[in-house]
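1. below is the sequence, then the predicted model.
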Amino acid sequence: MFLSLLTGSGRSADEILRERFAKMEYDIGSFSAVHYVGVKTTKPPTDFRPLAQQLRYAVQDCSVRSHRSPEIVLNMLQVFALQKYRSC
């Protein structure tokens, strides 16, 4: 299950993320959900287990659609990363 992080503005991090995608004119309508997963490194190396756990949950979730293979999820994340760095 995903937890929603509330920000100082009273809005969830998920809501802010959706707004930022909209401002960049990214259409996320084909996704059933968008969730923010934050990982803070206080002492290296970075612990990515929370992200990996949420990705496993998302890949296994069949409540809205049939599951997607991890390869498809990875490809989509790579596309988002490329789009982010190209726009900088």
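-> Everything's here; your move. Numbering: from 1, shown residues only.

2. contacts and neighbour counts: CA atoms only from here.
-> Noted.

3. in the protein, which spans are helices?
-> Along the chain, counting by DSSP state H, helices occupy 13-23, 49-60, 70-86.

4. so where is the protein shaky, pLDDT-wise?
-> 1-9, 65, 67-68, 84-88 (pLDDT under 70).

5. switch to 90 and redo it
-> 1-22, 24-42, 46-88 (pLDDT under 90).

6. which residue sits farthest out from the middle of it?
-> Computed with Cα atoms, centre = their mean, the residue of the chain farthest from its C-alpha average is K43, at 23.2 Å.

7. how far away is that residue from Q53?
-> From K43 across to Q53, the span is 20 Å (Cα to Cα, to the nearest Å).

8. and the nearest residue to L17 once chain neighbours are set aside, how many neighbours does it have?
-> Nearest-residue entry for L17: Y36, 7.1 Å, with adjacent residues in sequence omitted and distances by Cα to Cα, 6 or more residues apart in numbering. Neighbours of Y36 under the rule other Cα atoms under 10 Å: 18.

9. same list (the helices of the chain) but as TSV, adding distance to S30.
-> Rendered in TSV, the data for the helices of the chain read as follows (distance: least, Cα to Cα, whole Å):
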stretch	distance to S30
helix 13-23	13
helix 49-60	15
helix 70-86	12
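
10. of those, which approaches G29 most closely?
-> helix 13-23 (10.2 Å; Cα to Cα).

11. give me the buried positions along the closest one.
-> Neighbour-count burial for helix 13-23, counted by 16 or more other Cα atoms under 10 Å, picks out 13-15, 18.

12. equivalent analysis for stretch 22-38, please.
-> 35-37.

13. start to end distance for it?
-> First residue to last in stretch 22-38 (Cα to Cα) measures 20 Å.

14. go on, stretch 30-37?
-> 20 Å.

15. stretch 32-43 too?
-> By Cα to Cα, the extent of stretch 32-43 from end to end equals 34 Å.

16. tell me how far that stretch lies from the chain's centre.
-> 7 Å (Cα atoms, centre = their mean, to the nearest Å).

17. again, but for stretch 53-67
-> 13 Å.

18. same question for stretch 58-71.
-> The answer for stretch 58-71 is 14 Å, by Cα atoms, centre = their mean.
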